[in-house]
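Chemist: Let me see the structure of the following:
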Amino acid sequence: MTQAGARRRLLVGAVALVPGRLPGSREAATAARDEVEALLDPVFFDKAPFKRVSVIIRYGTKTDARPELQPIEEDELPTATEVSMKELRPLRGDQLRDKFRKALLGTLIEVATRYGLPSDRLREALDRGIA
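Modeler: Numbering: from 1, shown residues only. Take a look at the predicted model:
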């Protein structure tokens, strides 16, 4: 992990479960990560049994509203969420970023619910349509 990555509280990666390319996905995912990370309440991690959350966005056959939360490993909570490649393919730029942001917010809200962490700012962003 890079030094910058070591300081991040929200890590994002992607993997394709189905064939296809998604031009601009790296840039869109990075922008979405930065926006969502800025929304994390300063006390979000205070009572958490982990220091970071990693989210793998799976480009798959369906969009799954319930992310998969895995066991904590070395102060990191690995999670994964699936988003339909069919829905992602036509998106570019801000639309793609918005789709990723929605997936990240949904995942973090699920994490907050599971671990009893503050999620008001995340829920407000989702409700306001920022995602």
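Chemist: mind listing what the residue most central in space within the chain touches?
Modeler: Residue closest to the mean C-alpha point of the chain, counted by Cα atoms, centre = their mean, is residue 104 at 2.6 Å. Taking Cβ atoms under 8 Å, 6 or more residues apart in numbering as the contact definition, residue 104 lies against 10, 12, 32, 33, 36, 55. Just so you know, the C-beta spots here come from the backbone N, C-alpha and C atoms, and that holds for glycine as well.
Chemist: Contacts for stretch 7-16 next, please.
Modeler: Outside stretch 7-16, the residues that touch it by Cβ under 8 Å, 6+ apart are 5, 22, 25-26, 29-30, 32-33, 36-37, 40, 44-45, 51-59, 76, 85, 100, 104, 108.
Chemist: and the gap between the residue in the chain sticking out farthest from the centre and residue 26?
Modeler: Centroid-distance maximum for the chain: residue 19 at 21.6 Å, with Cα atoms, centre = their mean. According to Cβ to Cβ, to the nearest Å, residue 19 stands 18 Å off from residue 26.
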